[in-house]
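>>> what follows is a predicted protein model with its sequence.
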Amino acid sequence: MDTREVLRPFKRQRLGFEGVLIDIFEPNKRNGFSYGLVFASVYAPNERIELDHVVIQMSVADFKRAQLTLYTRYYFTASIESYYKVTDILGITARRESFMLQNISLHKLRELPESQLAQPTAYVMKRINNIMLCKAGPRHTEEELIDTVCRTANDGSVEQFINEYTESYQQVIVSKRDVEDALYA
């Protein structure tokens, strides 16, 4: 279970990060009517902390002001906060402290043309490893994918490539209700 334990020493502090915006969750009741920004290949250069990915909430007003673009690398500052998850530890239900990033400062948010984090990042390697486990048999070897990643510009293009490549292996399950909704809509 990922608790982002490396963030513990920085709890309640604001740190500078860089990351590639790979997805945006639309506001809904479950997320408190705020946007969920998914950043991959997240790195705090001063602390040398690398995170696979993070989801950071942002208000609708701030999101509109920020004018963010998918697959763009950004520099931002965020505060480290904790929350508790219920988990099963050796058969016992317990609350476990986990760490997250929140409260991106719009004043510090800016595009970052090049990363201080070399490819392949932890995020990219995790996706490559998942591709290698596909039953369908990957079209490329791990070495070929790593070579492609290392030759691609490190400006968010790598994360876009690996996400699109991963999506080509994902299976979509269509339920009877999905078919009925499509037919009778």
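Structure received.
>>> can you list the residue ranges for helices in the protein?
60-66, 122-132, 142-151, 157-167, 176-184 (DSSP state H).
>>> in JSON lines: the ones you listed, plus mean pLDDT, mean neighbour count and distance to M100.
Any C-beta I mention is one placed from the backbone N, CA and C, and that applies to glycine too. Compiled in JSON lines, these are given as follows (pLDDT from 0 to 100; neighbours: other Cβ atoms under 10 Å; distance: least, Cβ to Cβ, whole Å):
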{"stretch": "helix 60-66", "mean pLDDT": "96", "mean neighbour count": "14", "distance to M100": "17"}
{"stretch": "helix 122-132", "mean pLDDT": "93", "mean neighbour count": "18", "distance to M100": "17"}
{"stretch": "helix 142-151", "mean pLDDT": "95", "mean neighbour count": "14", "distance to M100": "27"}
{"stretch": "helix 157-167", "mean pLDDT": "93", "mean neighbour count": "19", "distance to M100": "20"}
{"stretch": "helix 176-184", "mean pLDDT": "64", "mean neighbour count": "9", "distance to M100": "33"}
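>>> could you find the closest non-adjacent residue to V6?
Spatial nearest neighbour of V6, chain neighbours left out: I49 (5.2 Å); criterion: Cβ to Cβ, 6 or more residues apart in numbering.
>>> what residues sit buried inside the longest strand anywhere in the chain?
The strand that spans the most residues within the chain, counting by DSSP state E, is strand 73-89. Neighbour-count burial for strand 73-89 flags 73-80 (criterion: 16 or more other Cβ atoms under 10 Å).
>>> same for that strand, what does it pack against?
Using 3 or more Cβ pairs under 8 Å, 6 or more residues apart in numbering; DSSP states H and E, the elements in contact with strand 73-89 are strand 14-25, strand 92-102, strand 110-111.
>>> what pLDDT does L21 get?
In this model, L21 is scored at 98, pLDDT.
>>> distance of it relative to S98?
As defined by Cβ to Cβ, to the nearest Å, L21 lies at a distance of 22 Å from S98.
>>> quick one, which of those two is more surrounded?
Neighbours were counted for L21 and for S98 using other Cβ atoms under 10 Å; L21 has more, 21 against 18.
>>> so the more buried one makes contact with Q67?
No - when contacts are counted by Cβ atoms under 8 Å, L21 is not listed as touching Q67 (11.5 Å).
>>> on that earlier part again, any idea of the mean pLDDT for the longest strand of the chain?
For strand 73-89, the mean confidence score works out to 93.
>>> quick one: it to strand 92-102, angle?
Between the direction of strand 73-89 and that of strand 92-102, the angle (axes from the mean of the first three to the mean of the last three Cα atoms, to 10 degrees) works out to 170 degrees.
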